[in-house]
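> When you get a sec, could you give me coordinates for this:
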Amino acid sequence: MSDVDQAAMSAGLTGGPPILEPKRIKVFGVMHIVFGGLGLLMSVGSVVMMQFQRAILEKTQSASAPGMEEYNRVSLDLMEKMKPMTYLGLVFTVILGSLLLVAGINLVKSRAKGVKLSNIYTYVSLALKFVGLILFFVMTKPIVDELIDPLMTDADTLMKTQLNVLKYTQLATGVLTPVIGAIYPILVLALLNKPIVKRFFAAQGQ
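This is a model prediction of the structure:
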């Protein structure tokens with residue numbers, strides 16, 4: 001049965017005008033599937049890359065300019081100490097990607113369950129981003145400061161610049177990533193819970 005036929009049937013039952021399916025349902029469904037699928041693929045790719053990351057970094061740095069030894073050592077130490085947080089972030093990504101994928105499939109099939117799963121995704125996503133932000137200041141930032149700050153005293157101008165770039169790149173990533181990442185779940189919550197969406201699913205008996 002087409003969307004128009006369903007709307008006409010709903011109108012006949014309620015005595016009102018046809019209730020057409022809001023386009024946002026399918027649009028968010030497709031976006032959920034794309035973002036969820038990409039998140040899961042990137043998680044798998046990240047796990048694979050992490051197994052070779054140290055070897056690749058060591059090989060790359062072996063050909064770096066003289067005087068970079070200390071900077072290279074800090075980069076390697078930071079990578080090693082950040083591994084638990086990296087794996088935790090991957091677990092978060094897998095959870096959110098799975099929720100998005102299932103919610104997207106249900107939205108594409110015009111099921112009210114898709115909205116419910118989207119709402120669950122939104123709350124879980126915002127909660128995990130808040131937790132990630134807290135963990136950054138409690139765990140990640142102290143690790144970065146512990147490794148970099150002691151080197152700043154005796155470092156020359158070039159080394160200080162490089163260490164500051166490394167430090168503030170970590171800071172920007174830790175703060176901006178959850179903030180920017182919160183935009184999509186907020187849009188999902190705001191646009192998929194509008195009365196027009198609720199009326200459509202109510203007319204379908206869902």
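> Output the below-cut-off pLDDT ranges for the protein.
Along the chain, segments meeting pLDDT under 70 span 1-18, 54, 56-71.
> got the residue ranges for the helices in it?
3-14, 23-62, 69-81, 83-108, 112-135, 141-152, 157-181, 183-191, 195-203 (DSSP state H).
> The third one - contacts with which helices or strands?
Packed against helix 69-81 by the contact rule (3 or more CB pairs under 8 Å, 6 or more residues apart in numbering; DSSP states H and E) you find helix 23-62, helix 141-152, helix 157-181. For the C-beta atoms, the positions are set from N, CA and C on the backbone; glycine is no exception.
> Give me the angle between that helix and helix 141-152.
170 degrees (axes from the mean of the first three to the mean of the last three CA atoms, to 10 degrees).
> try the last one
Computed with the same axes, to 10 degrees, the direction of helix 195-203 lies at 140 degrees from that of helix 141-152.
> Helix 195-203: which residues count as buried?
Val197, Phe200, Phe201, Ala203 (16 or more other CB atoms under 10 Å).
> what's the distance between the last one and Ile19?
Put plainly, it is Ala203. Ala203 sits at a distance of 4 Å from Ile19 (criterion: CB to CB, to the nearest Å).
> could the helices and strands packed on helix 69-81 go into CSV alongside mean neighbour count?
Converted to CSV, the helices and strands packed on helix 69-81 look like this (neighbours: other CB atoms under 10 Å):
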stretch, mean neighbour count
helix 23-62, 14
helix 141-152, 15
helix 157-181, 14
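> Adding distance to Tyr87 as columns, could you present those in CSV?
Below are the helices and strands packed on helix 69-81 laid out as CSV (distance: least, CB to CB, whole Å):
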stretch, distance to Tyr87
helix 23-62, 8
helix 141-152, 15
helix 157-181, 16
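> quick one, what contacts Gly36?
Listed by CB atoms under 8 Å, 6 or more residues apart in numbering, the contact partners of Gly36 are Leu96, Gly97, Ser98, Leu99, Leu100, Leu101, Val102, Ala103, Gly104.
> Any of these buried? List them.
Buried among the contacts of Gly36 (16+ other CB under 10 Å): Leu96, Gly97, Leu99, Leu100, Leu101, Val102, Ala103, Gly104.
> Between those, which sits nearest Phe52?
Gly97 (22.8 Å; CB to CB).
> and the gap between the spatially closest residue to the closest one that is not a sequence neighbour and Lys129?
Beyond its immediate neighbours in the sequence, the residue positioned closest to Gly97 (CB to CB, 6 or more residues apart in numbering) is Gly39, lying 3.3 Å away. According to CB to CB, Gly39 and Lys129 sit 14 Å apart.
> swap in Thr86?
From Thr86 to Lys129 the distance is 16 Å (CB to CB).
> Between those two, point out the one with more neighbours.
Per other CB atoms under 10 Å, whichever of Thr86 and Lys129 has more neighbours is Lys129, with 19 against 14.
> Kind regards, and thank you for your time.
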